[in-house]
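Enquirer: Coordinates for the following, if possible.
(one chain, ligands or ions: 1)
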Amino acid sequence: MRLILLGPPGAGKGTQAERVCAAHGLVHLSTGDLLRAAVKAGSDLGNEAKAFMDAGNLVPDTLVLALVRERLDQPDAEGGFLLDGFPRNVSQAEALAEDLGARAVESVVHMKLEDEEIVRRLLGRGRKDDTESVIRNRLQVYRDETAPLIAYYQAQTVEGQSGERHSLLRTIDAQGSMDEVFDRIQDALSSQNSNQSGTGASV
Ligand code: ADP
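Expert: Numbering: from 1, shown residues only. The predicted structure follows:
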């Protein structure tokens with residue numbers, strides 16, 4: 001299975017990604033985690049990314065794409081992967097589609113959450129880039145750059161078993177307990193898979 005988890009900061013993508021990957025035997029690729037590891041290791045890439053992350057801005061596509069390509073090129077990714085925090089804008093999505101070719105993404109789960117709840121969760125989390133002004137900026141960046149991916153993936157279709165086409169995107173409510181949200185994701189994936197004949201995505 002090749003999946004994308006899409007949603008605002010604080011939607012719980014990281015937590016749910018781990019559970020979904022464990023349940024389906026997928027490689028978990030979180031660009032946020034990879035970037036934080038690069039910053040911690042003090043690599044050139046990490047040093048370059050740090051100021052963007054601290055301000056809640058997107059790290060330049062070239063840096064992020066380098067990390068994603070390196071990870072997806074490893075043999076274990078052939079068994080399926082879940083992308084968490086990537087793509088984060090349309091140009092990253094286009095680069096991804098080109099890189100993957102026939103290994104196209106099969107499902108995009110959009111985790112939807114109200115702004116008020118996002119801010120409440122992130123302030124409670126207390127990561128270094130979780131101050132109120134940085135959170136506000138990350139939300140604005142999400143609206144401007146990432147939210148257009150909802151329509152982008154909604155418009156992409158896969159062929160169902162009886163030849164009908166349906167959207168790649170499923171939206172679920174990210175409000176609720178971790179178990180409730182996980183069940184909604186699993187339901188979205190099984191409805192997606194039972195619809196799908198495996199011929200891959202097209203626009
Ligand atoms: P959150 O889910 O709270 O938004 P992430 O861990 O996904 O946090 O990302 C943290 C920061 O890392 C982002 O604010 C951004 O600076 C950077 N980042 C992560 N993924 C990407 C990406 N695909 N493109 C650009 N920047 C990214």
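Enquirer: what's the closest non-adjacent residue to Leu45?
Expert: In space, and not counting its chain neighbours, Leu45 is closest to Ala38: 5.0 Å by CB to CB, 6 or more residues apart in numbering. In this view, the C-beta of every residue, glycine as well, is placed from N, C-alpha and C.
Enquirer: For the helix or strand hosting that neighbour, what does the pLDDT average out to?
Expert: Ala38 is part of helix 31-41, with elements assigned from DSSP states H and E. The average pLDDT within helix 31-41 is 97.
Enquirer: Likewise for stretch 94-114?
Expert: What stretch 94-114 shows for mean pLDDT is 96.
Enquirer: thinking again about what came up before, which positions within the helix holding Ala38 qualify as buried?
Expert: Across helix 31-41, burial judged by 16 or more other CB atoms under 10 Å covers 31-32, 34-36, 38-39.
Enquirer: For Glu94, state which of these is nearest.
Expert: The nearest member of those to Glu94, counting by CB to CB, is Thr31 at 16.0 Å.
Enquirer: got a list of what the closest one touches?
Expert: Thr31 sits next to 64, 67-68, 83-86, 88 when contact means CB atoms under 8 Å, 6 or more residues apart in numbering.
Enquirer: Tell me how far it lies from Arg2.
Expert: Thr31 is 16 Å from Arg2, where distance means CB to CB, to the nearest Å.
Enquirer: and Asp73, how far is that from the ligand?
Expert: To the ligand, Asp73 is 17 Å away according to CB to the nearest ligand atom, to the nearest Å.
Enquirer: With Gln154 instead?
Expert: Here the criterion is CB to the nearest ligand atom. By it, Gln154 lies 20 Å from the ligand.
Enquirer: That residue: what's its closest spatial neighbour, skipping adjacent residues?
Expert: Per CB to CB, 6+ apart, closest to Gln154 is Leu169, 4.6 Å.
Enquirer: count of residues packed around that neighbour?
Expert: Look at Leu169: counted by other CB atoms under 10 Å, it has 22 neighbours.
Enquirer: Tell me what it is bridged to.
Expert: Beta-bridge partners for Leu169, by DSSP bridges, are Val108.
Enquirer: That'll do, ta.
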